[in-house]
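In: take this sequence and fold it.
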Amino acid sequence: MRKSLLFGAGQGARLAVLNLIKRSHNGLGVKQIATELGMSYMGVKSHCVTLASEGYLTTWREPAPKGRPLMFYRLTESGEGLFAEPGLGLALSFLRDAGKLFGGTSAQKLLALHYRAEAERYRGMISSGDINERVRTLVRLRDREDRMVVLSIDGERWEIHEYHNPHAALMRQYPVAVNLEETMIGEVLGVPVRRTEEGTRVVFSAC
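Out: As a prediction, this is how the structure comes out:
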């Protein structure tokens, strides 16, 4: 996250609020944020109002069974921009230059080499075990890489939800990277994997 864009008192708390909202499917209400972070309702409300006024959060309302509609906060485009990877431009520049110098397929070949190396790196850190154990280990590794990962397991069915994709801009310009990442995750886990996108969230699940 580009923390330098967040100034003023309460910076640490605001970062915590933004990180929590980023990990949510459709945004969070003040009460839920306060409970998750162990903060006061009014303290969270103040931070959310400030972040909304600065353009990082927006609100939406959902009908409640009783009383007034429930209000939730979620990230705006500017809020999502706080999580952008500033160094990604250099990688994109290299890929474009490789295409100019060595032909149209050179960028794809470089990306294939990258994901092959990533598969080897993950396999070196994931011990053998059942599929659920391998999935849990991969989730821990990916979460340490600031992908903001949440694991959902229901019996034999599992899903890996990644709320931050540091390579999103690269994948928009080079869609082949999407398939390469899907294949790489499947190779690491030893099972066929399906990769889908829901907004800014990436979901990996067993085929």
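In: can you name the element that comes right after the helix ranked longest in the chain?
Out: Using DSSP state H to define each element, the chain has its longest helix at helix 106-125. Downstream of helix 106-125, the first helix or strand assigned by DSSP states H and E is helix 131-144.
In: hmm, back to that, show me what counts as buried in the longest helix of the chain.
Out: Within helix 106-125, the residues scored as buried using 16 or more other C-beta atoms under 10 Å are 107, 108, 110, 111, 112, 114, 115, 118, 119, 122. C-beta here means a position set from N, CA and C on the backbone, and glycine is covered the same way.
In: what of stretch 19-29?
Out: Buried, per 16+ other C-beta under 10 Å, within stretch 19-29: 19, 20, 21, 22, 23, 24, 27, 28, 29.
In: could you give me the average pLDDT of the longest helix of the chain?
Out: Helix 106-125 comes out with an average pLDDT of 94.
In: so which of the buried residues of helix 106-125 comes closest to residue 152?
Out: Using C-beta to C-beta, residue 122 comes nearest to residue 152 of those, at 20.0 Å.
In: measure the closest one to residue 177 for me?
Out: Here the criterion is C-beta to C-beta, to the nearest Å. By it, residue 122 lies 16 Å from residue 177.
In: likewise residue 205?
Out: From residue 205 over to residue 177 the distance is 19 Å, taken as C-beta to C-beta.
In: can you pick out the residue with more neighbours from the two?
Out: Using other C-beta atoms under 10 Å, the more surrounded residue of residue 205 and residue 177 is residue 177, with 22 against 14.
In: quick revisit: in a markdown table, list the buried residues of helix 106-125 along with distance to residue 48.
Out: As requested, the buried residues of helix 106-125 are exported to a markdown table (distance: C-beta to C-beta, whole Å):
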| residue | distance to residue 48 |
| --- | --- |
| 107 | 41 |
| 108 | 43 |
| 110 | 42 |
| 111 | 39 |
| 112 | 43 |
| 114 | 38 |
| 115 | 38 |
| 118 | 36 |
| 119 | 40 |
| 122 | 37 |
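In: would you confirm that residue 31 contacts residue 39?
Out: No: if you go by C-beta atoms under 8 Å, residue 31 and residue 39 don't touch, sitting 10.9 Å apart.
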